[in-house]
Structures are given as C-alpha cells and as structure tokens.
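In: let me see the structure of the following:
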Amino acid sequence: MKIFSNKYIILLLISAFFLTSGLSCKLFPGNSAPASYTKPIELSFWGVWDTNNDLQVLINDFQTLHPNIKITYKKFRYREYEQQLLEAWAEDRGPDIYSIPATWLKKYQAKITPMPDSTKLSFQEVKTTLGKTEINTYVRDVPTYSARDIKNEYVDVVYNDVILNGRIYGLPLSMDTLVMYYNRDLLDASDVPTPPTNWTELKEAVKKITQVNKNNQILQAGVALGTTDNLPHAVDIASLLMIQNGTQMVDAQGRVAFHTSPTKDKANAPGYQALQFYLDFADPIKEVYSWNEDQADAFSAFVAGKLAMFFGYSYHLPLIKNQAPKLDLGIAPMTQIQGSQKAINYTDYWVYTVSRKTKSADAAWGFLAFASRDNEVTKYLTQTKKATALRSLITSQKADPDLATFADQVLTATHWYHGNDVLKMDEYFKEMLNKLPEAIEPAEIIEQAALKINQTL
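Out: Take a look at the predicted model:
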C-alpha cells in the first residue's frame, strides 16, 4: 500500500504541474507517448518582412518547451515571394508555416490547414535523483483559439479577416495602419504650427506649403495625393477616403458596391466625391495642386525634404530614420473628415498560417498559437517596434512615442477587399483612378471598375 501511495502522490504532482500551467492535460508518460508527436519534427517557416532576429526569441522559447521540434525561418524579397510559394507548392516542397497579407487569405484558403481546436504537443520532464537523470516524455492536448477568442482578444478587423466558414485560417503577430509622417521644418517655414487633423485643415496647409513655378512644376510639395504609380499605397489612401465619406464598398451579399449611391444620384455618389477629392491634388487648375506623376516616388521625395506630408505605414519609420537621420520627423494620426463622430483608419497587415500539405500541422499551429499569446508576442513587438493586434497590449504600447499613434488607431482600423485576387483589384482600382481625370462620364468609369473587381470575388 505504501508503494501504491507514493506512486499515486507522484502522479498527482505531475498532473498538478500541467493543470496549473493553464493548459488541458492528457499524459502519455515514458514510452507510451505517441511516436508521431515525440519524434524529431522539422518545420520550415517562410516570410518577407521578418528577419531571423525578429522571430528567434519566439522560436527559442517554443523549442525549449518542445525540444523535438526544430523551426527554420527563411526570408524572401516581396517581389519574388508569391512566385516562390506557388512553385514550392507545385513541387510539394513548400513551407509548413508561412506569412501572407491578410487580404490573401481567401485567395489561398484551399492551400491552408485551418487551426484545430487543440494541438497535440510533446513535452519533456527532466528529473535527477541520486545522480541519475531520467527524461520522461509527455504528449498533451494544448488548446489553441476559438472564433470567440479571436473576437474577444483581437481588434475587430482581425476577426473579419481570419475567420472563414467558421474556421480560423491565420493569426497576426502585429497590426499596421496608415499615419501621416510630416516634416516639422517645412510646416514651420510655411506657418503651419501643427499637422492637420482633418481633410479641410489639410487643404489649407497644402496651399501654404506647396511651391509651384510659372510652368506648373512643383518645387516643394505639401502632400502626395492624386496619382497612382509614384504614390505608395495609393489604393489604400483612396479607399480610406471613400470609406470615411460613407461609401458602401461592398453590399450585404459581399459584392463590390462603391459605385452606388443611396440617393441614386451617381454624380453625387459618396465614392465618386471621395475620388474626386483625391484627384484634385494632382490637378494643376485646383488650389490644392501639390503633386503629379512627374514627381519622384513619394517616399523618396519625403526623405529628400521635398515633400511635407507623407501617408505611410509603420514599416516606413525605420526607413525614414535610416535614410534621413537629420529630418525633423513627426508622426500624426491619419487625417479624418471634419466633424466625423468616429475615426476611421486603414490597415494593411500580414498573418501567419499553416500549409495544407504540411505533415506536422499540430506542431505548426502549436507554434503559432504559442507565439501569438501576449506574453510571447510582446517580445516580438519589442524587437520589431510594431503595433499590436491584441486588445490587451494596446494601452502599454501607447506609452511608446514611436508606437503611440499606431496603437491608438488599431481599434478603428479597417480595410474592405476580401476577394480572391487582391493584385487584380489593385490593378483595376488604379486603372479607374487614371481614367477618371479625362472621363466624360466618370460614373461609368467607376461602375466598370466595380464590375471588374466583382469578377475577382
């Protein structure tokens, strides 16, 4: 009876250890652990923006708990990344884990293994007794996330993006939103004491800052708006203006509807009004003329000190600091419509997901679920200086001067396209912007663009 009691106490202690770790517990001690979960597992992980240093702390922490799992990360250039993925999948050599823009999830849904309710992972317990070391292996069911968890723990846009047919298809480690970067020296020299907070103020600031010669050549630009090819994220900025102006980007059936008007008056449709406002900044006969297709890339013009206000994402911040260390840089919230009751911001962010063809889905999703928890993802966010997608970390990030503006905006962040081909949508949207200035019937141009984009849904 004494021997039985001692064994029972040991089992209770082991069970208590796992229960107090906050995870459900199914134990397979010693040699009874399923071999498929305890054997060495190698996971390949592909991405674009993250470096090895960005992710290594998460990988190390996970591998410490699960020493049978090895994760190797590979970074690609953005312009080659999608083609590399497609070629790898075609040859059955693709990554187990990979990152993609949230807007690509529906496009690649068939190539993703959705997150399971729990993952079976192998743990090791090392005990030393009287100089003898014993290693016991345990396999546990580790809960992941439910759709309800995503709704409660992440900002709203994440739930709208990653839940497809009731299943979770990806998890973000961060969130990015458009902000206004501004050159304090240029604003001060033009008697603009503070960056504009709304589009009405921005128009007035642009009139003061922009310098144009008698040939309508822009010598100093107030803001970069109104074009496509030399303006990073032109579609994002124009889309945001449309949404802020009350445009219904998609209808209740999910079809593109930005060409419609609540009053049936196409000439005064909110989408058209927003696009016309956007295009005015590249129209030489308008008072707000401050940009055109002859200008250099907007980012290059900004770091060169020739552009006062530039709309960009958080990843632009280290690039600006590196290329223009002496620039008196300011970061302001994204411009809103004057008098609007609620701020509306625009996001472009990436998620991490698991390949349909992986042979180790539990290990792969186990890592992503582990890495996305607030205590772990904080390490990643600190390393990368990115804003969080988790509600629980927003308040703490507002204390960081570089992140405060971005953290302030994640709760009101949105984007609109959830079709199968975001690159085609981008192409058709830019085509619409380029045709509108010369259009005799602008409503028809916008309607044609909507019809084309609908085909990609």
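In: show me where pLDDT drops low in the chain?
Out: 1-34, 130 (pLDDT under 70).
In: tell me the contacts of the residue positioned nearest the centre of it?
Out: Taking CA atoms, centre = their mean, the centroid of the chain lies closest to residue 349, which sits 1.0 Å from it. Residues near residue 349 by CB atoms under 8 Å, 6 or more residues apart in numbering: 101, 102, 172, 174, 175, 176, 389. For the C-beta atoms, the positions are set from N, CA and C on the backbone; glycine is no exception.
In: name the nearest residue to the third one, sequence neighbours excluded.
Out: Of all residues beyond its chain neighbours, the one nearest residue 172 is residue 389 (4.4 Å), with distances taken as CB to CB, 6 or more residues apart in numbering.
In: what about that neighbour, neighbour count?
Out: Residue neighbour count, defined by other CB atoms under 10 Å, stands at 27 for residue 389.
In: residue 272 versus that one, what's the distance?
Out: 33 Å (CB to CB, to the nearest Å).
In: all helices of the stretch 351-457 of the chain, in order?
Out: Assigned by DSSP state H, counting those that start in this stretch, the stretch 351-457 of the chain shows helices spanning 361-372, 374-384, 394-397, 404-409, 422-435, 442-455.
In: deepest-packed of these, please.
Out: helix 361-372 (a mean of 24; mean count of other CB atoms under 10 Å).
In: and that helix, what does it pack onto?
Out: Applying 3 or more CB pairs under 8 Å, 6 or more residues apart in numbering; DSSP states H and E, one finds that helix 361-372 contacts strand 41-47, helix 52-65, strand 69-75, strand 97-101, strand 118-129, strand 350-354, helix 374-384.
In: hang on, residue 371 packs against residue 377?
Out: Yes. If you go by CB atoms under 8 Å, residue 371 and residue 377 touch, sitting 6.4 Å apart.
In: mind listing the shared neighbours of the two?
Out: Contact criterion CB under 8 Å, 6+ apart; residues shared by residue 371 and residue 377: 58, 173.
In: out of the helices of the stretch 351-457 of the chain, flag the one nearest residue 86.
Out: helix 422-435 (12.7 Å; CB to CB).
In: which strands or helices does the closest one pack on?
Out: Looks like helix 422-435 contacts helix 234-244, helix 270-280, helix 442-455 (3+ CB pairs under 8 Å, 6+ apart).
In: which helices and strands sit right next to the longest one?
Out: Contact here means 3+ CB pairs under 8 Å, 6+ apart; on that basis helix 442-455 packs against helix 270-280, helix 422-435.
In: hang on, residue 114 in a helix?
Out: No. Read with DSSP: H, G, I helix; E, B strand; the rest coil, residue 114 is coil and lies in no helix.
In: gap between the closest residue to residue 144 other than its chain neighbours and residue 361?
Out: Using CB to CB, 6+ apart and skipping the chain neighbours, the partner closest in space to residue 144 is residue 369 (4.3 Å). Residue 369 is 12 Å from residue 361, where distance means CB to CB.
In: now the common contact residues for those two.
Out: Common neighbours of residue 369 and residue 361 (CB under 8 Å, 6+ apart) are residue 119.
In: quick one on the thing from earlier: can I get the helices and strands packed on helix 422-435 in JSON lines with distance to residue 320?
Out: What follows is the helices and strands packed on helix 422-435, written out as JSON lines (distance: least, CB to CB, whole Å):
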{"stretch": "helix 234-244", "distance to residue 320": "18"}
{"stretch": "helix 270-280", "distance to residue 320": "23"}
{"stretch": "helix 442-455", "distance to residue 320": "32"}
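In: out of those helices, flag the one nearest residue 164.
Out: Closest among the helices and strands packed on helix 422-435, using CB to CB: helix 442-455, at 19.1 Å.
In: pull out the buried positions in stretch 124-137.
Out: 136, 137 (16 or more other CB atoms under 10 Å).
In: next one: stretch 105-122
Out: Applying 16+ other CB under 10 Å to stretch 105-122 flags 105-109, 111-116, 118-122 as buried.
In: can you count the residues close to residue 146?
Out: Applying other CB under 10 Å, I find that residue 146 has 12 neighbouring residues.
In: need the phi and psi values for the nearest residue to it once chain neighbours are set aside.
Out: Spatial nearest neighbour of residue 146, excluding adjacent residues (CB to CB, 6+ apart): residue 117 at 7.1 Å. The phi and psi torsions at residue 117 (degrees, to the nearest 10) take the values phi -70, psi -30.
In: my guess is residue 117 contacts residue 141. True?
Out: No. Here residue 117 does not reach residue 141: they are 9.0 Å apart, not a contact under CB under 8 Å.
In: residues in contact with the residue nearest to residue 146?
Out: So residue 117 contacts 143, 144, 146 (CB under 8 Å, 6+ apart).
In: where's the second one relative to residue 110, distance?
Out: Just to be clear, that refers to residue 144. 21 Å.
In: one more: residue 251?
Out: Remark: distance between residue 251 and residue 110 (CB to CB) = 25 Å.
In: who are the contact partners of residue 220?
Out: With CB under 8 Å, 6+ apart, residue 220 has these contacts: 186, 209, 210, 211, 306, 307, 308.
In: residue 432 now?
Out: With contacts defined as CB under 8 Å, 6+ apart, residue 432 is in contact with 275, 445, 446, 448, 449.
In: next one: residue 216
Out: 284, 289.
In: what helix or strand is the nearest residue to residue 279 once chain neighbours are set aside on?
Out: What sits nearest to residue 279 in space, not counting adjacent residues and going by CB to CB, 6+ apart, is residue 226, at 5.1 Å. Under the criterion DSSP states H and E, no helix or strand holds residue 226.
In: residue 226 and residue 300: what is the separation?
Out: In this view, residue 226 and residue 300 are 17 Å apart by CB to CB.
In: more neighbours: those two, which one.
Out: residue 226 (26 against 13).
In: give me the nearest residue to residue 258, chain neighbours excluded.
Out: Per CB to CB, 6+ apart, closest to residue 258 is residue 271, 4.2 Å.
In: doesn't residue 212 make contact with residue 219?
Out: Yes. Residue 219 lies in contact with residue 212 (CB under 8 Å); the separation is 6.7 Å.
In: who has more neighbours, those two?
Out: Neighbour count, other CB under 10 Å: between residue 219 and residue 212, residue 212 has more, with 14 against 9.
In: phi and psi next, for the spatially closest residue to the more buried one that is not a sequence neighbour.
Out: Nearest non-adjacent residue to residue 212, counting by CB to CB, 6+ apart: residue 218, 5.6 Å away. Here is the backbone geometry of residue 218 (degrees, to the nearest 10): phi -80, psi 120.
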